[in-house]
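**Student:** could you work out the structure for the sequence below:
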Amino acid sequence: QVHLVESGGGLVQVGASLRLSCAVSGGTFERYNMGWFRRAPGKEREFVAAIVWNGGITYYTDSVKGRFTISRDNAKNAVYLQMNILKPEDTAVYYCAADRASRWPPREASIYDYWGQGTQVTVSS
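**Tutor:** Residues are numbered from 1 along each chain as shown. The predicted model follows:
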């Protein structure tokens with residue numbers, strides 16, 4: 001059984017930074033493409049960023065380009081989302097997800113096989 005556990009969320013002010021982490025256990029992490037999604041209050045789940053199994057390709061939604069960076073450490077079975085210059089519209093529950101079949105493009109939630117429980121990020125103005 002594959003488990004994903006997010007951490008690093010919190011309450012911050014506009015312009016601050018946060019680093020989310022997602023620890024993966026129970027599977028072959030180094031073979032998975034990984035993604036981050038978010039769900040804001042009253043809105044549908046939204047793709048944020050993705051990274052291929054070896055870290056060689058990353059993909060972002062337009063609203064976070066230049067502010068967020070996705071990375072991974074296959075030795076630690078972990079994926080990260082560095083979030084800078086946070087805005088109130090970044091407020092959401094953030095989820096990491098794993099795609100075991102290397103499907104692409106990664107913005108469709110349906111291609112992901114495993115999901116974490118989420119971590120809350122609140123950006124206060």
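**Student:** make it CA atoms for all contacts and neighbour counts henceforth
**Tutor:** OK.
**Student:** what sits against the residue at minimal distance from the centre of the chain?
**Tutor:** Centroid-nearest residue in the chain, with CA atoms, centre = their mean: residue 36, separated by 2.3 Å. Applying CA atoms under 8 Å, 6 or more residues apart in numbering to residue 36 gives the contacts 47, 48, 49, 50, 81, 94, 95, 96, 97.
**Student:** compile those into a markdown table and extend it with columns for pLDDT, neighbour count and secondary structure.
**Tutor:** Shown next, in a markdown table, are those (pLDDT from 0 to 100; neighbours: other CA atoms under 10 Å; DSSP: H, G, I helix; E, B strand; the rest coil):
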| residue | pLDDT | neighbour count | secondary structure |
| --- | --- | --- | --- |
| 47 | 98 | 20 | strand |
| 48 | 98 | 25 | strand |
| 49 | 98 | 25 | strand |
| 50 | 97 | 29 | strand |
| 81 | 98 | 23 | strand |
| 94 | 98 | 26 | strand |
| 95 | 98 | 27 | strand |
| 96 | 98 | 30 | strand |
| 97 | 98 | 28 | strand |
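**Student:** mind listing the helices for the protein?
**Tutor:** Remark: no helices are assigned in the chain by DSSP state H.
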